[in-house]
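Asks: no sequence on this one, just coordinates:
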């Protein structure tokens, strides 16, 4: 299709979206699907973006878990983001794709993952109004789900600054209609948040840039700085700030309601399960950090006789740490499934619980979404469900983001098959497939590192959504339960008590 015809099609799509003309939208979706089959490069990226706008309009205000048009919109945006043509389109177009993807994930309650997309968009165009405003909307939603009042203040303060950036004289809007209708609204929202928070107090928190907060030794400071810069702390503030003061894994289950007739001596099981979840995640995180920073040959590798197969395979403790980091990070998700099954009483047999299957009714022949999940108004629980679909949905495998592809298959290979880590040069000598259907899987080091980092980020998001989901339920249950109930809270384990 020539450029004039493409421009005409784009105008037709915009008009159909503006007037919410479902008949024309459906017709254009068929036309666009055919165009995608024969397009490539920047043209393909552009058409995929148009397709996402069509599906967004067809979805309307319906935010149900199984909305097929929202699923298709997600597929179009992620395919556009990972297409070869993405690097060929202009920055403003990239910003629109990243912003729309962020908005869709925000509507799913996936605040941890969303902010990264907005930040990537703003690196390309820091003055784009909708990126700033939707980032602010994401942070406001995030603030509503955290229990800690300081965290709420800090997230709202970050939202206030994003709304302010969206309403400056230099802010870039897509058209005059947006300029005159949205800009005053963004300015009003920034002012409203300012009046609701203590900005001086927020300033005082981030002004403390003492690197001593990162640890006592150079090694500890280096590790914690790495976690801070990559937003790997179990701390919602690490998504909005990179200051030393947020370098702590503070996310926790605040309290569990317990009937006063319950004479059980131990605290509710949820506290113990979440302890295990956090310990396994932080262990995986450290192993990932330590693998490439290990210098020289570890003494455990000395005098271990191995055959030289001349195939660029890497051996040694550092590479085994990377394998363990991936497997550990992935296994945390099944621990999360255990807690979900216990807390929400979903009825799964313990030996059959997995993060992929916890969301569905325990039946042999069919897998309808569990009614507790389908009926939920808990945004954090929905975020966990959507995250699980990224890993396990067959439909989403075809449009995962590049470093998130086949994460479940890789875990299966590391657990049950023969996986070799190779030098990166192997990518140029062999046709590499992420996880081929063979006994032997050869994966270049840089690709395994990239996928392990993505796995850590997904697991970290799940570790934050989980206590937010429980805390959300507990706040609602206070008014719904009959009888005498009280909150069960626990003390914190001191660091000195973690010694062997």
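Replies: In hand now; what should we look at? Quick caveat, the model's predicted, so the values are computed rather than measured. Numbering: from 1, shown residues only.
Asks: can you name the farthest residue from the center of this protein?
Replies: Here the centre of the chain is the reference, and by C-alpha atoms, centre = their mean the most remote residue is residue 303, at 42.5 Å.
Asks: which ones are touching that residue?
Replies: By C-beta atoms under 8 Å, 6 or more residues apart in numbering, residue 303 lies in contact with nothing. Any C-beta I mention is one placed from the backbone N, CA and C, and that applies to glycine too.
Asks: Show the backbone phi and psi for it.
Replies: Per-residue torsions, residue 303: phi 60, psi 20 (degrees, to the nearest 10).
Asks: Look up how far residue 309 lies from it.
Replies: In this view, residue 303 and residue 309 are 19 Å apart by C-beta to C-beta, to the nearest Å.
Asks: For residue 384, see how far away the most centrally placed residue in the chain is.
Replies: In the chain, the residue lying closest to the centroid (C-alpha atoms, centre = their mean) is residue 113, at 3.1 Å. Remark: distance between residue 113 and residue 384 (C-beta to C-beta) = 12 Å.
Asks: Over to residue 21?
Replies: Separation of residue 21 from residue 384 (C-beta to C-beta): 36 Å.
Asks: ok, which stretches of the stretch 101-250 of the chain are helices?
Replies: Using DSSP state H, counting those that start in this stretch, the helices found in the stretch 101-250 of the chain span residues 111-124, 129-145, 149-165, 176-196, 199-206, 218-229.
Asks: Would you mind finding the most buried of these?
Replies: helix 129-145 (a mean of 24; mean count of other C-beta atoms under 10 Å).
Asks: okay, the angle between it and helix 176-196?
Replies: Helix 129-145 runs at 30 degrees relative to helix 176-196, counting by axes from the mean of the first three to the mean of the last three C-alpha atoms, to 10 degrees.
Asks: Which one, of the helices of the stretch 101-250 of the chain, ends up nearest to residue 413?
Replies: Nearest to residue 413, of all the helices of the stretch 101-250 of the chain, is helix 111-124, at 24.6 Å by C-beta to C-beta.
Asks: tell me the angle that closest one makes with helix 149-165.
Replies: Angle between the axes of helix 111-124 and helix 149-165 is 30 degrees (criterion: the same axes, to 10 degrees).
Asks: Which strands and helices lie in contact with helix 111-124?
Replies: helix 91-107, helix 129-145, helix 445-480 (3 or more C-beta pairs under 8 Å, 6 or more residues apart in numbering; DSSP states H and E).
Asks: Figure out which of those helices is closest to residue 337.
Replies: The closest of the helices and strands packed on helix 111-124 to residue 337 is helix 445-480. By C-beta to C-beta, the value is 9.8 Å.
Asks: pLDDT at residue 1, what is it?
Replies: The pLDDT attached to residue 1 in the predicted structure is 69.
Asks: Go ahead and confirm residue 122 touches residue 135.
Replies: Yes: applying C-beta atoms under 8 Å, one finds residue 122 in contact with residue 135, separated by 7.2 Å.
Asks: Residue 98 and residue 119 touch, don't they?
Replies: No: here residue 98 does not reach residue 119: they are 9.1 Å apart, not a contact under C-beta under 8 Å.
Asks: next one: phi and psi at the closest residue to residue 368 other than its chain neighbours?
Replies: Take residue 368 and drop its neighbours on the chain: the residue closest to it by C-beta to C-beta, 6 or more residues apart in numbering is residue 361, 5.3 Å away. Per-residue torsions, residue 361: phi -60, psi 140 (degrees, to the nearest 10).
Asks: before we move on, what about residue 421?
Replies: Torsion angles, degrees, to the nearest 10, at residue 421: phi -90, psi 130.
Asks: Tell me which stretches of the stretch 251-400 of the chain form strands.
Replies: In the stretch 251-400 of the chain, the strands defined using DSSP state E, counting those that start in this stretch lie at 256-259.
Asks: Quick one: low-confidence residue ranges for this protein.
Replies: Applying pLDDT under 70 to the chain picks out residues 1, 63, 209, 258-265, 364-366, 402-403, 427-438, 477-489.
Asks: Domain boundaries for it, per the record?
Replies: Taking automatic domain parsing as the reference, the chain has its domains at 1-89, 95-207, 213-246, 256-498.
Asks: tell me how far the ends of the second one are from each other?
Replies: Same thing as domain 95-207. Domain 95-207 has an end-to-end distance of 31 Å (criterion: C-alpha to C-alpha, to the nearest Å).
Asks: That domain: how far from the chain's middle?
Replies: Domain 95-207 sits 18 Å away from the centroid of its parent chain (C-alpha atoms, centre = their mean, to the nearest Å).
Asks: Am I right that residue 62 is in a strand?
Replies: No: according to DSSP: H, G, I helix; E, B strand; the rest coil, residue 62 belongs to no strand; its state is coil.
Asks: who touches it in this structure?
Replies: By C-beta under 8 Å, 6+ apart, the residues touching residue 62 are 69-70.
Asks: measure it to residue 55 for me?
Replies: As for residue 62, its distance to residue 55 is 12 Å (criterion: C-beta to C-beta).
Asks: anything in contact with each of those two?
Replies: Shared contacts of residue 62 and residue 55, defined by C-beta under 8 Å, 6+ apart, comprise 69-70.
Asks: For my notes, please list the helices of the stretch 101-250 of the chain in TSV and give distance to residue 500 for each entry.
Replies: Below are the helices of the stretch 101-250 of the chain laid out as TSV (distance: least, C-beta to C-beta, whole Å):
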stretch	distance to residue 500
helix 111-124	33
helix 129-145	36
helix 149-165	33
helix 176-196	47
helix 199-206	35
helix 218-229	18
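Asks: Pull up the gap between the closest residue to residue 135 other than its chain neighbours and residue 344, please.
Replies: Nearest residue to residue 135, sequence neighbours excluded (C-beta to C-beta, 6+ apart): residue 118, at 3.8 Å. Remark: distance between residue 118 and residue 344 (C-beta to C-beta) = 31 Å.
Asks: go on, residue 29?
Replies: Distance from residue 29 to residue 344, counting by C-beta to C-beta: 37 Å.
Asks: Pick the most buried one from the helices and strands packed on helix 111-124.
Replies: Mean neighbour count (mean count of other C-beta under 10 Å) peaks for helix 129-145 among the helices and strands packed on helix 111-124, with a mean of 24.
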